[in-house]
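*Asks:* based on what follows, work out the 3D shape:
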Amino acid sequence: MPMRGDIAVATVIAALAYAPVAFGAACEDAVQPGRFVVQGDEVQDTKTGLTWQRCSVGQKFAGDACSGAVQAMTWDQAKRAGRGGWRLPTLDEYNGLMMQPCGLSTEQKKVFGALDPLASSYWTGTATENNLAWTVGLNNGSTFNGYRTAPNAVRLVKGGK
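*Replies:* Okay, the predicted model is just below:
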């Protein structure tokens with residue numbers, strides 16, 4: 001006879017087996033039409049008032065796409081990368097942009113340019129301890145408290161409501 005804990009574990013495993021289908025549909029359906037206004041190499045988010053760079057630091061926006069290599073930086077380097085009002089987004093600002101647990105939707109990836117699968121972790125400006133700061137995975141919506149000395153990608157933001 002199964003134990004109560006065995007039933008709970010089996011229920012979680014069964015739910016996870018169907019999660020990608022359910023999450024995928026929810027992520028794609030949740031993007032508000034007209035939320036993002038593209039202005040050259042910048043994207044205005046009408047929901048939050050933030051202006052995002054379309055490309056990662058190190059890349060250039062040309063035509064309809066980002067080109068060049070994503071520049072990996074430590075957290076301290078990333079904090080210094082912002083100029084003219086540009087800064088690292090906070091963890092909350094990234095979480096307001098991404099759909100959990102999916103990351104950027106297909107439509108958002110068109111607006112922000114294709115994401116480099118090898119540079120999937122981006123620094124946030126949110127630090128927790130002397131040697132740790134939050135990163136986000138734009139490809140999958142993950143968050144991770146990483147060492148500030150690790151190299152990660154950077155995308156900058158300015159403004160807000």
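*Asks:* what's the next secondary structure element after the strand ranked longest in the chain?
*Replies:* Secondary structure of the chain per DSSP state E: the longest strand is strand 121-129. Following strand 121-129 in sequence order, the next helix or strand is strand 132-137 (DSSP states H and E).
*Asks:* contacts for the longest strand of the chain, please.
*Replies:* For strand 121-129, contacts defined as Cβ atoms under 8 Å, 6 or more residues apart in numbering pick out 56, 73, 75, 78-79, 87-94, 133-138, 144-146, 148, 152-155. Every residue, glycine included, has its C-beta placed from N, CA and C.
*Asks:* just the buried ones from those residues?
*Replies:* Among the contacts of strand 121-129, the ones that count as buried by 16 or more other Cβ atoms under 10 Å are 56, 73, 75, 78-79, 87-89, 91, 93-94, 133-138, 146, 148, 152-155.
*Asks:* which helices and strands sit right next to the host helix or strand of K158?
*Replies:* Assessed by DSSP H and E, K158 sits inside strand 157-159. Secondary-structure packing of strand 157-159 (3 or more Cβ pairs under 8 Å, 6 or more residues apart in numbering; DSSP states H and E): strand 50-53.
*Asks:* and with 10 Å instead?
*Replies:* strand 42-45, strand 50-53, helix 91-97 (3 or more Cβ pairs under 10 Å, 6 or more residues apart in numbering; DSSP states H and E).
*Asks:* give me the helices and strands touching the second one, please.
*Replies:* If I follow you right, that is strand 50-53. Counting by 3+ Cβ pairs under 10 Å, 6+ apart, strand 50-53 packs on strand 36-39, strand 42-45, helix 91-97, helix 106-112, strand 157-159.
*Asks:* now the longest one
*Replies:* Secondary-structure packing of helix 91-97 (3+ Cβ pairs under 10 Å, 6+ apart): strand 42-45, strand 50-53, strand 121-129, strand 132-137, strand 143-147, strand 157-159.
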